[in-house]
Each structure stands twice: as C-alpha cells, then as structure tokens.
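one predicted model, sequence on top.
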Amino acid sequence: MKNLVDKIKKKDKVSLAKGITLIESEKKSDLKYKIELLNYLKSVNNTIRIGVTGPPGIGKSTFINQIGYYFLKKKHRVAVIAVDPSSASSKGSILGDKMRMHLLNNNKNAFVRPSPSKNKNSAIDFETLCSINLCELAEFDVILIETVGSGQLEYNISKITDLLIYLDIANTGDEIQAMKKGIMEIADIIAINKSDILDKNEITTKKNALKNILNIYERNTKIVATSSTQGTGIDTIYDAILDFFQVNKNKILSNRKDQMIYWLEFELKINFGNKNYEKLLLNNNHLKFLNSFKVNPQIHKILEYISSF
C-alpha cells in the first residue's frame, strides 16, 4: 500500500485512479486494503473544492471543461470527479462526461474521474470525500465535483465542497422547481448557462427572477450569464470563485470540520439505524459508541480527520 501511496504523491495518475477504485470498491476482499489506504489520508487546507450541479442536460460537463481549463491556464492542477449514473447490471460508470472534457483529458496537470453513483439514495457520500482527499494527495489543488443533477438528494454535495455552483437553464422558467429542490439555499454562484440563445433583455429578466428567489433565502449569491460552448462568462465565474475564497478563507477550515461531523453522524445512523441512533444519544451510551468504532472503519477515519484539524 505504501508503494501505491508513494506513486500517488509523485503525481502518478494511474496510481491515483487505482486508489479511487479501491476507495469505491464494495468487495469484502478489498476491505482491509481500503482501510489501510484510508489511514494515509489527511486533511489538506490549501485546496479549492468546487461542486457543480444542475438539471440533466444543462451542460455541466462542458462547463467544467471550460472552467477547469481556465484554472489550468492560471497554473493550477485540476482534478474532476464526475458522478455518473450507473449501469443497472454492472454498476459501472458511464464515460460520457469524460468524453465532453476534451480540454482536460490529455493535459498532464488535469485528472478526470467518472465515479459511479451505484443507485444509492445519494450519489455523494463519504467515499466521494475520500476520493477528493486522494486527489489532494496527488497535489491537485482545484477539485471539481459534478453531480448527476437528480435534485434534492444532491444536497450532500454541500457537505464535501467549499463552494457550490448551480447551473440554471437559460430559456425556461424553472425557478420554482429549483426553489423546491432547496439548491438555492446552498448555491454560492448561479450560472445562467446556454445564455447565447438569449438577448440582453431576456438575460436581465432571468437574473431578476432568480434574485427574487434568492431574496427569500436572504442569499447574496453571484449570478453570471455563461455559454460553455462559446466560453463566455467563464472568466467572470473564475473571478467570482477567487473572490469567494478570499472573503471566506477563514471560514473554510471550520466548515470542513463541520462537514466531517456531518459524515460522522451519517455513518453512525447507518451503523445503528435512525431510531437506535436517537436512543443512543438519549441514553448517552458511550461504550456502545466505542464498540461501534471498532467495527466501522469509516467512523474511525472520520474521527481521525476531525482530530487533525
């Protein structure tokens, strides 16, 4: 395992892919190796974790292709984790997203990893966060996470990223749908994608409609008109990302610790079940908690993460 980790630290992308495959594995025969690999992961503070979500067909992959390439031109190393729908038979990952990221695929400073959602309740989980950490171990300082865009269940993306970009459809009135999803409550930047099909007045109308919704949540979210196919608005998105991290740099570390506490609770609920978990809290049965740590490597790892902050 140390040999694999050493290769990842030397920026070997083949070894990084092997490491993520091990993290994602559900085979019992891989469990001990998975636990061993988890022990090498540590918290990293000098990286940028960006989530990108939105409705199916909005152009998330093309958008990531453009913003990722923009970061590359600014001398960053960029990793992409694209959470794909899975095949019902093989649970394998569909490679369509990777094909649309042609500006990143052959760049030595970029890494694109389609990740299967495996038909879970949410495509985003603690294993996704571990994959992010592996990318950081390989010295990728910008991590972009794309979701399948399945709606409210993708709320978990806010629990593994520092900043969330929501891609809205330029030519439809989906504001109410987006509000129901709750995405507006957590989006830090909204990109009105495919805006090349609108005129200036239509873009202004769209922005005002979105601002009205954001006012409900008292959110001062940046709204940018973009066209991923033409590359317009990408420079403004880049500047908005840097501004966000400049303003919130002191909050990001504490937010990451809060995220780990969220995943600790998440894993405990899986381990005990919701009802037993609530009883456990009420009874303050710490011994049972400690016993659970011995049999659940995920919980062990989360506790190590929290203590490393």
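Right, received. Where do you want to start? Predicted, not measured: the structure shown is a model, and the values here were computed from it.

which residues in the stretch 1-150 of the chain form helices?
Per DSSP state H, counting those that start in this stretch, the stretch 1-150 of the chain carries helices over the ranges 2-9, 13-24, 31-38, 60-73, 96-99, 102-105, 126-137.

ok, Cys135 touching Ile143?
Yes - the criterion here is C-beta atoms under 8 Å, and Cys135 meets it with Ile143 at 5.4 Å. The way it works is simple: take the backbone N, C-alpha and C, and place the C-beta from them, glycine included.

how many neighbours does Ser254 have?
10 (other C-beta atoms under 10 Å).

SS state for it?
Per DSSP: H, G, I helix; E, B strand; the rest coil, the secondary structure class of Ser254 is helix.

any idea which element the residue lying closest to Lys211 once chain neighbours are set aside lies in?
Spatial nearest neighbour of Lys211, chain neighbours left out: Ile223 (7.0 Å); criterion: C-beta to C-beta, 6 or more residues apart in numbering. Take DSSP states H and E as the rule and Ile223 turns out to sit in strand 222-225.

that strand pairs with which strands?
With DSSP bridges as the test, strand 222-225 is paired with strand 189-193 (parallel).

what's the angle from the strand it pairs with to helix 60-73?
Put simply, strand 189-193 runs at 120 degrees to helix 60-73, going by axes from the mean of the first three to the mean of the last three C-alpha atoms, to 10 degrees.

contacts for strand 189-193, please.
Under the criterion C-beta atoms under 8 Å, 6 or more residues apart in numbering, residues 54, 58-59, 63, 163-170, 198, 203, 206-207, 210, 221-228, 233, 237, 240-241, 244 lie in contact with strand 189-193.

I'd like the average pLDDT over it.
For strand 189-193, the per-residue pLDDT values average out at 90.

residues of the helix or strand Asp258 falls within that come out buried?
Assigned by DSSP H and E, Asp258 belongs to helix 234-272. Neighbour-count burial for helix 234-272 flags 234, 237-238, 240-241, 244, 252, 256-257, 259-260, 262-264, 266-268, 271-272 (criterion: 16 or more other C-beta atoms under 10 Å).

average pLDDT across it?
Averaged over helix 234-272, pLDDT sits at 86.

what's the angle between it and strand 189-193?
Using the same axes, to 10 degrees: helix 234-272 against strand 189-193 is 120 degrees.

helix 234-272 to helix 126-137, inter-axis angle?
Going by the same axes, to 10 degrees, helix 234-272 makes 130 degrees with helix 126-137.

re the thing from before, need the CA coordinates for the strand holding Ile223. CSV is fine.
This file holds the C-alpha atoms of strand 222-225, laid out as CSV (Å, rounded to 0.1, in the frame of the first residue of the first chain):
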residue,chain,number,x,y,z
LYS,A,222,-23.5,35.8,-7.5
ILE,A,223,-25.4,35.4,-10.8
VAL,A,224,-23.4,35.1,-14.0
ALA,A,225,-24.6,34.5,-17.6
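
I'd like the mean pLDDT over it, please.
Average pLDDT, strand 222-225: 91.

confidence-wise, which of the helices of the stretch 1-150 of the chain is weakest overall?
helix 96-99 - the lowest mean pLDDT of the helices of the stretch 1-150 of the chain, at a mean of 62.

could you dump stretch 61-78 to PDB, C-alpha only?
Only the C-alpha atoms of stretch 61-78 are listed here, as PDB (Å, rounded to 0.1, in the frame of the first residue of the first chain):
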ATOM      1  CA  SER A  61     -19.600  18.600 -18.200                       C
ATOM      2  CA  THR A  62     -19.000  21.200 -20.900                       C
ATOM      3  CA  PHE A  63     -19.000  23.900 -18.200                       C
ATOM      4  CA  ILE A  64     -16.400  22.000 -16.100                       C
ATOM      5  CA  ASN A  65     -14.300  21.500 -19.300                       C
ATOM      6  CA  GLN A  66     -14.200  25.300 -19.700                       C
ATOM      7  CA  ILE A  67     -13.700  26.400 -16.100                       C
ATOM      8  CA  GLY A  68     -11.200  23.600 -15.500                       C
ATOM      9  CA  TYR A  69      -9.200  24.600 -18.500                       C
ATOM     10  CA  TYR A  70      -9.300  28.300 -17.300                       C
ATOM     11  CA  PHE A  71      -7.700  27.100 -13.900                       C
ATOM     12  CA  LEU A  72      -5.100  25.200 -15.900                       C
ATOM     13  CA  LYS A  73      -4.100  28.300 -17.700                       C
ATOM     14  CA  LYS A  74      -3.700  30.000 -14.400                       C
ATOM     15  CA  LYS A  75      -1.100  27.300 -13.400                       C
ATOM     16  CA  HIS A  76      -3.300  25.200 -11.200                       C
ATOM     17  CA  ARG A  77      -3.600  21.400 -11.100                       C
ATOM     18  CA  VAL A  78      -7.200  20.400 -11.700                       C
END
